[in-house]
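Engineer: Provided below are the primary sequence and the corresponding predicted coordinates.
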Amino acid sequence: MSKIVILGEVDNLEIKNISQQVAGVAAGMGDVIGVVIGKNVAEAGMKLAASKIVIAENDELEFYDSIKYSSIICQIVQKEEATAVLMGATSMGKDLGPRIAANLGWGYLGDCLEAGSDGFVRPTFAGKVLSKTVPTTKVVVSIRNNAYPAGESWSGSVENYSGEISASTLKTNSIEGLGNETVELTEARIVVSGGRGLENSENYDELIRPLASSLKAAAGASRAIVDAGWVPHSHQVGQTGKTVTPDLYLAIGISGAIQHLGGMSGSKFIAAINKDPDAPIFKVADYGIIGDLFEIIPVLKSKLEN
Amino acid sequence: MNIAVLIKMVPDTESKLEIVNGKLEESNFKYMVNPYDEFAVEQAVQFKEAVGGKVTLVSLFTDNNTIDTDLRKMIAIGADEVIVLRSKDYRGDKPSTNAEILAKKVKELNADLVLCGVQGIDYYQAATGPMLAQKLDIPNISGVTKLELNDNLITAHRQMEGGIQVIESQMPILISCQKDMTKVRFPALKDIMMSKRKPFENQTVDYEEEADIKQIECTLPPARGGGMIIEGETPEEKVDKLINILKMEAKVL
């Protein structure tokens, strides 16, 4: 049976849900070997749904380092003679995946929407085109969050990583929180996005953010209001921002330029609120309300909170 | 300081995307500078202005020279020269191959700092940068929103889930740039005129395919039809109907 190496990411002493999803996908492809890297990660690492778990625990592995982390995974892949490496398409996975592929001389498929023994589907052109591949060679794959049920935990064998830790010039000084408990756009089940219809940045802060927090949703934005400086780019959805695939995408005061639609049209359901009945957003929305967002959003928020 | 900036020419975001026999129809594409790469150019020029040095722009593309005008605009921001590696076989979705070819050139340039955009807005692999760093055996930091230089020390702020990782490193290093990193200047007329006299070198390269995925079948995502417009006399009535549908029909609340 072929061996699949997966990366188990730990956050707040827990295995990330995306890593368990990756484990679930890998279980359908072969024998799963989980690799967990960090400081104080052993306890959480053992919960990874893999038949064998390798823990690389060391003070100097506390923070993600492209050199150290990629070399550890490559050494394990070679020792185990694995034929694929899978990881979440997280900020770490998207950086690590290509580096590992280049190190091993394997193919790379980034940010896959669908993955499994029947092949891999990844979005290109911000989701306006889908590319399907059935690889015939060894591959490194990163898989997008929310796409799969988590793998089931079982107790496999656990061993400590015994290979080398490469020297690196990278040194992490700190991790700065973004200050508020915001939900990450690409991981959110619900996204509430605002656009130019909001008229100014104060309205974004007073209408979009509270609505998002009462829905436990992430707050998104159109390019227009990011360029206008109302919100940072980390909120931007679309071709030059993030591609999101939540269960519900709520577009408020967004007309729906093609570049924006590309970034969110993979959502399961789209609801739009806009005063312009001809706004292109209504061509992709499952549910639309034509009306003044300044009248509708306060009502929506208060009814959702009850 | 010697800075190399990698520039990818990508299909214009207005390009019509058509699929013929599982392949993307590319013959009508017009190309533009990948927007993330512009932040890299601006950052490189700011460093040059602060500490001196040379900024070389490196691009890899086909023999199509309609892109030259846009590349000249990048020199006008303040770069010193541009080198375009040309192969008629070039494709934007072959990160391993492209990283290998670009790595050879960057090595020749002996760059202290390599800057590129976080991803191409065509194939979104975000792969060429980290792959190139691996091939040059130098570290890389991806998705950087703020970059500082003190003597030979780089400090990068990297976007991650729920926070920012602040990393310090010696050079050489490769940094991939996020949108918030810099504000790209509009070059003055004088700089645009000057850019026409700066070196613009075309070099033909062999396009030997590396470990890239060969079998790719493209499709358009299922078209979304417009859905229902929720009618109602008052905002309250519309909102009630919407919440009800989201709960009962879509089951997402």
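Structural biologist: It's in. Numbering: from 1, shown residues only, chains lettered A, B, ... in the order given.

Engineer: Just list the residues touching B:Q178, thanks.
Structural biologist: Applying CB atoms under 8 Å, 6 or more residues apart in numbering or on different chains, we find B:Q178 in contact with A:H233, B:Y36, B:F39, B:V118, B:G143, B:V144, B:T145, B:Q159. Yep, even glycine has a C-beta here, placed from its N, CA and C like the rest.

Engineer: So which of those residues is the closest to B:D191?
Structural biologist: Checking these against B:D191 by CB to CB gives B:F39 as the nearest, at 17.9 Å.

Engineer: do you know how far that closest one is from A:H233?
Structural biologist: Here B:F39 is placed at a distance of 10 Å from A:H233 (CB to CB, to the nearest Å).

Engineer: shared neighbours of the two, which are they?
Structural biologist: B:Q178, B:K179.

Engineer: Those two: which is more packed in?
Structural biologist: In terms of neighbours (other CB atoms under 10 Å in any protein chain shown), B:F39 is the more surrounded of B:F39 and A:H233; the figures are 26 against 18.

Engineer: For the helix or strand harbouring the more buried one, give me every contacting residue.
Structural biologist: Counting by DSSP states H and E, the secondary-structure element that holds B:F39 is helix B:35-51. Contact with helix B:35-51 is made by A:240, B:1, B:3, B:5-8, B:53-55, B:57, B:74, B:77-79, B:113, B:115-121, B:147, B:149, B:175-179, B:181-185, as judged by CB under 8 Å, 6+ apart.

Engineer: Can you get me the start-to-end distance on stretch B:195-215?
Structural biologist: Using CA to CA, to the nearest Å, the span of stretch B:195-215 from its first residue to its last is 41 Å.

Engineer: and it with chain A, contact?
Structural biologist: Yes. Between stretch B:195-215 and chain A, judged by CB under 8 Å from any CB of the partner chain, the touching residues are B:E210, B:A211, B:D212, B:I213, B:K214, B:Q215.

Engineer: What is the burial count for the closest residue to A:T83 other than its chain neighbours?
Structural biologist: Counting by CB to CB, 6 or more residues apart in numbering or on different chains, the nearest residue to A:T83 once its immediate chain neighbours are dropped is A:S2, at 4.6 Å. Counted with other CB under 10 Å, residues neighbouring A:S2 total 12.

Engineer: All the helices of the stretch 1-150 of chain A, residue numbers only.
Structural biologist: Listed in chain order, the helices found in the stretch 1-150 of chain A under DSSP state H, counting those that start in this stretch are A:17-27, A:42-45, A:66-80, A:91-104.

Engineer: May I see those helices arranged in a markdown table, with mean pLDDT as well?
Structural biologist: Conversion of the helices of the stretch 1-150 of chain A to a markdown table gives the following (pLDDT from 0 to 100):
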| stretch | mean pLDDT |
| --- | --- |
| helix A:17-27 | 93 |
| helix A:42-45 | 94 |
| helix A:66-80 | 97 |
| helix A:91-104 | 97 |
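
Engineer: if we can go back for a sec, now the helix holding B:F39: buried residues?
Structural biologist: B:35-48 (16 or more other CB atoms under 10 Å in any protein chain shown).

Engineer: quick one: the closest residue to B:G117 other than its chain neighbours and B:M160, what's the gap?
Structural biologist: Distances taken as CB to CB, 6+ apart place B:Y36 nearest to B:G117, at 2.7 Å, with adjacent residues excluded. For B:Y36, the distance to B:M160 equals 17 Å [CB to CB].

Engineer: follow-up on the earlier one: just the ones in helices from the contacts of B:Q178, please.
Structural biologist: B:Y36, B:F39 (DSSP state H).
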